[in-house]
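Visitor: coords please:
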Amino acid sequence: MEQYAELKSIPEIQEIAAYLRNMKFKRKVFGGCDPESVLNHMYQVTAQYETIIASLLSQRGNARQVSELQARLAQAERDNAMVRWYEESVRASLWR
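Guide: From the prediction side, this is the model:
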């Protein structure tokens, strides 16, 4: 269960867990739960999980974009340093 420890830190997961602990099904007159009530709860939990998944995928995509932008920035800084070095060497050769 340690593999799920990270999930427990997500507030939305805690909300779903609380919902599951506290949900009540409508009872049928002659035993059992009302199937419509069970389905409604299942749909609600599914919608909550879909929202969490979409959010996590978005965050992962944003992290990937940030990482790509950081790599491009680092490359641009290296290119800029090279251009400055070349510019300084050209200026130095012109003043000789």
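
Visitor: Helices along this structure, start to end?
Guide: 5-8, 11-22, 35-94 (DSSP state H).

Visitor: what separates Glu87 from Asp79, distance-wise?
Guide: Using C-beta to C-beta, to the nearest Å, Glu87 is found at 12 Å from Asp79. Bear in mind the C-beta positions are built from the backbone N, C-alpha and C, glycine included.

Visitor: ok so, going back, Lys28: which of the helices of the chain is closest?
Guide: Shortest distance between Lys28 and the helices of the chain, using C-beta to C-beta, is found for helix 35-94: 8.5 Å.

Visitor: Correct me if wrong: Val45 contacts Ala18.
Guide: No. Using C-beta atoms under 8 Å, Val45 makes no contact with Ala18, being 11.5 Å away.

Visitor: Which one's more surrounded, these two?
Guide: Val45 (14 against 10; other C-beta atoms under 10 Å).
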